[in-house]
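Provide a 3D model corresponding to the input given below.
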Amino acid sequence: MYFRKSVWANGGDFDDPILLWYAQGVGEMQKRPLSDSTSWRFLAAIHGINYESWAKYGYYTQGEAMPPQPEQRTYWDQCQHHSWYFLPWHRGYLLSLEAIVRQAVIQLGGPADWALPYWDYSATDGNARQLPPAFSRKMLPDGSANPLYVAQRWGADDGTLPLPQKDVSLKQLNDIRFVGASSGGSPGFGGPETVFHHGGGSSGGLEQLPHNVVHVDIGGTLQNDAGLMTDPDTAGLDPIFYLHHANIDRLWAYWLTLGGGRSNPSEQAWLNGPVSRLFVVPAADGTPWRFVPHNVLTTEELDYQYSPLGNNDPIPVPRASRAQLLGFAAPSVAPLVAPAGKPTAELIGANDSQIKISHASKSTVAIDSRMMARCARSFSSEAIAKSFRNEPNRFHLNLESIRANVEGLNIDVHINLDGKQVFVAPIGLFGAKKASQTDLSHGGEGITVVLDITDMLDELHLAKGIDSLANFEVIITPRKPLADNVELSIERISLYREF
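You can find the predicted model right below:
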């Protein structure tokens, strides 16, 4: 059994042999040609490759030896995003990278039980949100170049780390369903049901926060040039990528232990993977390993564990039933469970036009009064008493088809509700540029973000009654001032009730 440990367990620097061996293993892989399936660049291209960006930062030279075209089509540009395959695909990808690094470590005289560390940036430890020092040093202890150092990490909203506290929230652990509504409502903890999906559309809860936001926080931009972690086609080149994804993988494993109906999907379409293209990564010896979600359901079956599995932060209190929220049931009532079947979402309001964003931009969501009257009936004591243990109706703000011509944008969302401005969530537009390109498989649909604002509407109901809601204002604020040539737009902002 291999044990993945926190990068901060021994200080996050090269005093920790795990990190020193990681650097040496990465360095060995970086020496290998792009045509070698166990090379650092080949592995990165599995996640995504953009020759222009790679060349700009010295990772690709025109005319160098390449893998045969059939091999490129089999392995490269494979990452699953905005999809219910996001978590299992990245688990298999991490296993491949870890096994190849371990093999390099062993060949260099290192330990046979080496395992990839994870970066738990949500922990309460003082340094947790800082980039571990081993990744910011230009030199190894022996004075040689540090393979873990990347120049193209241009930081969070002000160009520096630590990561903002709001960007590492774990409230998404409260999502009970792995897969949610097909549109309008929550896409679930793990993402919406899709075929093979390389990007575009809605992210699952864990993918949106902290995954997407942290990607952009680390990569950032410099004069509109995207840092490596900012762009799905360059992210795999940065060694910190794999510690970030080890933490996302750990949170999936932890989510399954929280109960309340949380489970992996049972649908054959998920377990057996997409029919159009199999998932395939190199094994430690470079031979192909084909896998589907059914092969990567638990870490124990794959011979590794996280130490520790849980987070140092107190996990958010499990979401209460509406009966408890509104005072109709005692807190000692049995825990909330997800009802069987997929939820339904109905539109109850939207703004009237696309909005283009250059600075803090506002748009009004107009509410259909008849639909809101129907929603109000779900707040009656009679309706609540009938199903107080079921997951309550939820309200979701949808930012639909967000399009951008650059990567590296984080935005903050607030709403003005009953005269009070309330922060909703950060949004990381990881992959927005690629998802906006009309010549790719997603047809330029952009990305859609679904934000749960149920608690805010519950507070409004307690104060004035939910049927008092006629409209409300949404404020979208970019973290950084946008250059004149940046195009950022949201096709529609809508509000859905999910039940």
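
low-confidence ranges in the stretch 251-400 of the chain?
Scanning the stretch 251-400 of the chain for pLDDT under 70 picks out 311-341, 381-392.

Let me see the ranges of the helices in it.
268-271, 322-325, 369-377, 381-386 (DSSP state H, counting those that start in this stretch).

tally of neighbours for N146?
Neighbourhood size, N146 [other C-beta atoms under 10 Å]: 19. Glycine gets a C-beta too; all of them are placed from N, C-alpha and C.

Number the chain from 628, please
Fine by me, first position is 628 from now on; the one you just mentioned is N773.

Thought P760 was touching it, still the case?
No - look at N773 against P760 with C-beta atoms under 8 Å: they stay out of range, at 10.5 Å.

and the strand or helix carrying I1038, which residues are buried?
Element membership of I1038, judged by DSSP states H and E, is strand 1037-1044. For strand 1037-1044, burial by neighbour count (16 or more other C-beta atoms under 10 Å) applies to N1037, I1038, D1039, V1040, H1041, I1042, L1044.

For those, give me a markdown table that also has pLDDT and distance to I867.
As requested, the buried residues of strand 1037-1044 are arranged in a markdown table below (pLDDT from 0 to 100; distance: C-beta to C-beta, whole Å):
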| residue | pLDDT | distance to I867 |
| --- | --- | --- |
| N1037 | 93 | 17 |
| I1038 | 96 | 23 |
| D1039 | 97 | 24 |
| V1040 | 98 | 26 |
| H1041 | 98 | 30 |
| I1042 | 97 | 33 |
| L1044 | 90 | 37 |
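
ok, L722 - contacts?
V908, V923, L929 (C-beta atoms under 8 Å, 6 or more residues apart in numbering).

what residues go with each domain of the protein?
If you go by automatic domain parsing, the domain ranges for the chain are 629-934, 949-1125.

Mean neighbour count, these: which tops it?
Compared across the domains of the chain, domain 629-934 shows the largest average neighbour count, a mean of 19 (mean count of other C-beta atoms under 10 Å).

Name the residue closest to the centre of this protein, please.
The centroid of the chain falls nearest to E834 when counting by C-alpha atoms, centre = their mean (2.1 Å).

Quickly note the distance from the nearest residue to it once chain neighbours are set aside to I1103.
Closest residue to E834 apart from its sequence neighbours, by C-beta to C-beta, 6 or more residues apart in numbering: F713 at 5.2 Å. Noted for F713: a distance of 25 Å to I1103, by C-beta to C-beta, to the nearest Å.

Over to K632?
39 Å.

Where among the domains of the chain is average confidence lowest?
Ranked by mean pLDDT, these end with domain 949-1125 in last place, scoring a mean of 84.

How about the contacts made by G832?
Neighbouring residues of G832 by C-beta under 8 Å, 6+ apart: Q799, D802, S813, P814, G815, F816, G817.

Let's see that with 7 Å instead.
Q799, D802, G815, F816 (C-beta atoms under 7 Å, 6 or more residues apart in numbering).

Find the nearest non-adjacent residue to it, please.
Nearest to G832 is Q799, by C-beta to C-beta, 6+ apart, at 3.6 Å.

ranges for the helices of the stretch 678-827 of the chain?
Secondary structure of the stretch 678-827 of the chain (DSSP H, counting those that start in this stretch): helices located at 678-683, 696-702, 713-734.

Next secondary structure after the last one?
In other words, helix 713-734. Note on helix 713-734: by DSSP H and E, the next helix or strand toward the C-terminus is strand 828-829.

what sits up against that following strand?
Here strand 828-829 makes contact (C-beta under 7 Å, 6+ apart) with H709, P814, P819, H1069, E1072, I1074, T1075, V1077.

quick one: the second one and G807, what's the gap?
Read that as P814. Going from P814 to G807 by C-beta to C-beta gives 5 Å.

cool, and the first one?
In this structure, H709 lies at 13 Å from G807, with C-beta to C-beta as the measure.

And the last one, by the same measure?
With distances defined as C-beta to C-beta, the gap from V1077 to G807 amounts to 8 Å.

what's the answer for the fifth one, then?
For E1072, the distance to G807 under the criterion C-beta to C-beta works out to 18 Å.

Could you do the third one as well?
Remark: distance between P819 and G807 (C-beta to C-beta) = 7 Å.

So for these two, which residues contact both of them?
With C-beta under 7 Å, 6+ apart, P819 and G807 have no common neighbours.

can you give me the end-to-end distance of stretch 974-982?
Counting by C-alpha to C-alpha, to the nearest Å, you get 19 Å between the two ends of stretch 974-982.

and what of stretch 833-851?
So stretch 833-851: terminal residues 27 Å apart, C-alpha to C-alpha.

likewise stretch 822-829?
13 Å.

Likewise for stretch 1026-1040?
Between the start and the finish of stretch 1026-1040 there is a gap of 10 Å, counting by C-alpha to C-alpha.

Report the distance from that stretch to the chain centre.
Centroid displacement of stretch 1026-1040 relative to its chain, using C-alpha atoms, centre = their mean, to the nearest Å, is 14 Å.

L721 and A873 touch, don't they?
Yes - contact criterion C-beta atoms under 7 Å: L721 and A873 qualify, at 6.2 Å.

Now list whatever residues contact both of those two.
Listed as contacting both L721 and A873 by C-beta under 7 Å, 6+ apart are L743.

re the thing from before, list the contacts for the residue nearest to the centre of the chain?
H708, F713, G818.

measure it to G817 for me?
8 Å.

which residues are common contacts for those two?
F713.
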